[in-house]
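Novice: Provided below for reference: sequence and predicted model.
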Amino acid sequence: MKFTRREINDLLVSWIVLSFAFAIVWRGITHPFSVLRMMPKSFIAVGTGFAFHEIAHKYTAQKYGLAAEFRKWDFGLLIAVFSSFLGFLFAAPGAVYTSGYADEKTMVKTSVSGPAANFIIALISIGLSFFISSNFLHFLAYFNLFLALFNLLPVPPMDGSKILRYSPLLWGVMFFSILGILFFVL
């Protein structure tokens, strides 16, 4: 995989801003020191969720010969911070943009790879939680499952809309499997 300097910067800025916004949502703005204590956990969770999700898209696209690069969306990051102060999070930090010729099957594989990465991280976290008693592992699983589910919503330009259009069965299996495991984690 090849990363440009701008892409690395965009990924890092998005990662830091989202980590801050998630820490605010999880701890509440009325407890600023608690938000600061939450930042390391938030940074790890967002790193495994957001960063691996986007890198999976990039890797898959490049594997099939496409140019692929993450670009942050400044307005989306502002919405994330603003909404976190209101007690919820709506995050649209950016996306991996691809160029080059790709058939529909390649584009669906690229779309599937992000939520699949979140699903795998969640399963690893759940598996480890059987051996290591840790609320953080449950939190990590929940965060990754929620992110996968959110990205599978069948609303353009989300991954789910592309997957559903290509194969309703594939979308249904992914969406309802993740939803079921999310209820298990809760």
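Specialist: Structure's in. What do you need?
Novice: list the contacts for the closest residue to residue 88 other than its chain neighbours?
Specialist: Spatial nearest neighbour of residue 88, chain neighbours left out: residue 25 (6.6 Å); criterion: C-beta to C-beta, 6 or more residues apart in numbering. (Glycine included, C-beta is placed from N, CA and C.) By C-beta atoms under 8 Å, 6 or more residues apart in numbering, residue 25 lies in contact with 84, 87-89.
Novice: Buried subset of those residues as a PyMOL selection?
Specialist: Typed into PyMOL, the line below selects the buried ones among those, using 16 or more other C-beta atoms under 10 Å:
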select buried, resi 84+89
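Novice: can you put the contacts of residue 25 in JSON lines and add secondary structure?
Specialist: Converted to JSON lines, the contacts of residue 25 look like this (DSSP: H, G, I helix; E, B strand; the rest coil):
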{"residue": "84", "secondary structure": "helix"}
{"residue": "87", "secondary structure": "coil"}
{"residue": "88", "secondary structure": "coil"}
{"residue": "89", "secondary structure": "coil"}
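Novice: Among the contacts of residue 25, give me the pair with the biggest separation.
Specialist: Farthest apart among those by C-beta to C-beta are 87 and 89. That separation is 8.8 Å.
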